[in-house]
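> With the input below, show me the fold.
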Amino acid sequence: MTEAADKIPAVGETVRDRDRVGRVMGHVGPYVRLRPLSGGRDWDADPNHLRRLTPSELLSVLVAEANARSRQGR
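Got it, this is the predicted structure:
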């Protein structure tokens, strides 16, 4: 696998795009299409700005989102 191919995350992977976290939904031209983990509007990201999350980072993000959802019902 080349370095360039290694840099582009696969569909379904969770990545950080600067200050946002999203799941890869697809690839559009030179961009990666991301969707927030909790749903919402997709956005296009430059693959050079993406970083795969470690398992502990992903767990932390998922727990934070679950906590936020639980507070919305109050």
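> per-residue confidence averaged over the lengthiest helix in the chain?
Taking DSSP state H as the criterion, the chain has its longest helix at helix 55-72. Per-region confidence: helix 55-72 scores 92 on mean pLDDT.
> Can you list the helices and strands that it packs against?
When contacts are defined as 3 or more CB pairs under 8 Å, 6 or more residues apart in numbering; DSSP states H and E, helix 55-72 packs onto strand 14-17. The way it works is simple: take the backbone N, C-alpha and C, and place the C-beta from them, glycine included.
> Please work out which residues outside the strand it packs on touch it.
Strand 14-17 is contacted from outside by 9, 21-24, 32, 34, 37, 43, 45, 49-53, 57-58, 61, using CB atoms under 8 Å, 6 or more residues apart in numbering.
> repeat for stretch 62-74
Against stretch 62-74 from outside (CB under 8 Å, 6+ apart): 37-38.
> What are the contacting residues of stretch 22-34?
Against stretch 22-34 from outside (CB under 8 Å, 6+ apart): 8-15, 17, 20, 35-37, 42-47, 50.
> got any ranges where this protein has weak pLDDT?
By pLDDT under 70, the weakly predicted segments of the chain are 1-6, 74.
> so how far is residue 28 from residue 53?
22 Å (CB to CB, to the nearest Å).
> Comparing those two, which residue is more hemmed in?
Shown here are residue 53 and residue 28; by other CB atoms under 10 Å, residue 53 has more neighbours (17 against 10).
> in the sheet, who's paired with the residue nearest to that one when sequence neighbours are not counted?
Nearest non-adjacent residue to residue 53, counting by CB to CB, 6 or more residues apart in numbering: residue 14, 5.1 Å away. With DSSP bridges as the criterion, residue 14 is bridged to residue 23.
> Residue 14: neighbour count?
Neighbour count of residue 14, defined by other CB under 10 Å: 18.
> Closest to the centroid, which residue in this structure?
residue 22 (2.2 Å; CA atoms, centre = their mean).
> Helix or strand: which one has the closest residue to that one other than its chain neighbours?
Among residues not flanking residue 22 along the chain, residue 34 sits closest, at 3.2 Å (CB to CB, 6+ apart). Here residue 34 sits within strand 31-36, counting by DSSP states H and E.
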